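Engineer: Make a model of this:
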Amino acid sequence: METVSENRSHGGTQGVYRHQSTATGTEMTFSVFVPDHAEGQVLPVLTYLSGLTCTHANVTEKGEYRAACAKHGIVFVAPDTSPRGEDVPDDEAYDFGKGAAFYVDATQEPWSAHYRMRSYVEHELPALIQSRFPVDMARQGITGHSMGGHGALTISLRNPGRYRSTSAFAPIASPLNCPWGEKALTGYIGADRAEWRQYDACALIEDGARLPDLLVDQGTGDNFLEDQLKTHLLQQAVDAAGMTAQIRMQPGYDHSYYFISTFMADHVAWHADRLKR
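Structural biologist: Residues are numbered from 1 along each chain as shown. This is a model prediction of the structure:
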């Protein structure tokens with residue numbers, strides 16, 4: 001693992017790191033914020049998955065999480081959204097290819113060789129974080145924005161008991177039922193929609209997956225709300241399942257980091273309450 005940068009911030013260390021990934025077959029870059037702590041102490045860890053077109057840098061530079069993480073003693077991990085490199089296939093559109101890997105393990109050529117973000121986030125990155133940072137992997141939370149909110153929800157639902165806390169900002173609630181999801185899952189997974197259900201939060205809940213609790217914030221001024229995000233489908237799914245969830249519609253907020261940074265401290269505190277039990 002190579003250290004790209006480390007900076008003091010909010011009584012902790014904000015680092016950016018790079019390593020060779022076996023899951024994607026490429027170099028991967030991620031950021032980690034570690035609050036100051038006693039020698040030998042291990043801290044809860046919160047993983048944040050970013051959205052379409054993003055890298056690790058978007059939330060690292062604009063997410064405004066460090067003060068809250070320092071206050072609550074939470075390590076914050078932010079991976080890239082996709083594999084990168086000259087040999088990695090791409091698409092001219094912003095919603096497919098690099099920056100748009102959708103946290104799936106692709107099965108279709110030419111994407112299957114490198115687009116394995118599910119394996120990277122579920123297995124490889126947590127093992128690396130555990131080996132190099134002062135974290136207690138028995139106290140994990142996960143969150144994310146938009147495509148990353150979809151990733152956080154589906155990864156947590158597929159791995160019951162791994163994450164003590166799960167939240168999302170403006171998640172793509174049902175890729176089975178929106179243009180972004182239909183394009184990505186057809187390209188990466190193929191035409192069999194039954195195979196898509198493992199990557200759709202609403203479908204996973206309908207099929208019996210559950211979370212002990214869930215927090216979602218969604219802006220009512222989000223221009224993607226009706227066509228792409230479809231928050232109402234997630235509300236319907238959790239209601240039908242009798243699952244405990246707070247799905248908060250925030251008046252006037254859009255899809256940007258102005259929205260995310262406004263509610264980030266709330267999410268960190270919400271996770272901290274569950275991760276410290």
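Engineer: So what's the residue count around D213?
Structural biologist: As a burial measure, D213 scores 15 neighbours (other C-beta atoms under 10 Å). Bear in mind the C-beta positions are built from the backbone N, C-alpha and C, glycine included.
Engineer: Would you enumerate the residues in contact with the residue nearest to the spatial centre of the chain?
Structural biologist: With distances taken as C-alpha atoms, centre = their mean, L49 lies nearest the centre of the chain, 2.4 Å away. Contact analysis of L49 by C-beta atoms under 8 Å, 6 or more residues apart in numbering lists 79, 81, 103, 121, 142-145, 147-149, 151-152, 155.
Engineer: And K276, by the same measure?
Structural biologist: Contacts for K276 (C-beta under 8 Å, 6+ apart) come out as 44, 72, 139.
Engineer: centre of the chain versus stretch 14-23, how much separation?
Structural biologist: In terms of C-alpha atoms, centre = their mean, to the nearest Å, the centre of stretch 14-23 is found 16 Å from the chain centre.
Engineer: Same question for stretch 231-247.
Structural biologist: Remark: stretch 231-247 is offset 19 Å from the chain centroid, using C-alpha atoms, centre = their mean.
Engineer: pLDDT averaged over it - what is it?
Structural biologist: Mean pLDDT, stretch 231-247: 97.
Engineer: Mind listing what's buried along it?
Structural biologist: 231, 233-238, 241, 245, 247 (16 or more other C-beta atoms under 10 Å).
Engineer: ok so, going back, out of the contacts of K276, list just those in helices.
Structural biologist: Using DSSP state H, the subset of those located in helices is H72.
Engineer: Closest to G11 out of the contacts of K276?
Structural biologist: H72 (12.0 Å; C-beta to C-beta).
Engineer: got a list of what the closest one touches?
Structural biologist: 268-269, 272, 276.
Engineer: Would you agree S21 is in contact with V121?
Structural biologist: No. S21 lies out of contact with V121 (C-beta atoms under 8 Å); the separation is 10.9 Å.
Engineer: The stretch 151-277 of the chain: helices as residue ranges?
Structural biologist: Along the stretch 151-277 of the chain, the stretches classed as helices by DSSP state H, counting those that start in this stretch are 179-189, 201-206, 231-241, 257-275.
Engineer: Just put those helices in TSV and tack on distance to P134.
Structural biologist: Below are these laid out as TSV (distance: least, C-beta to C-beta, whole Å):
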stretch	distance to P134
helix 179-189	35
helix 201-206	31
helix 231-241	34
helix 257-275	14
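Engineer: Between those helices, which one is closest to R8.
Structural biologist: helix 257-275 (19.2 Å).
Engineer: I'd like the contacts of K276 as CSV, with distance to D227 appended.
Structural biologist: Below are the contacts of K276 laid out as CSV (distance: C-beta to C-beta, whole Å):
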residue, distance to D227
P44, 36
H72, 36
R139, 37
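Engineer: TSV please, covering the contacts of K276 and showing pLDDT.
Structural biologist: Output for the contacts of K276, formatted as TSV (pLDDT from 0 to 100):
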residue	pLDDT
P44	98
H72	98
R139	98
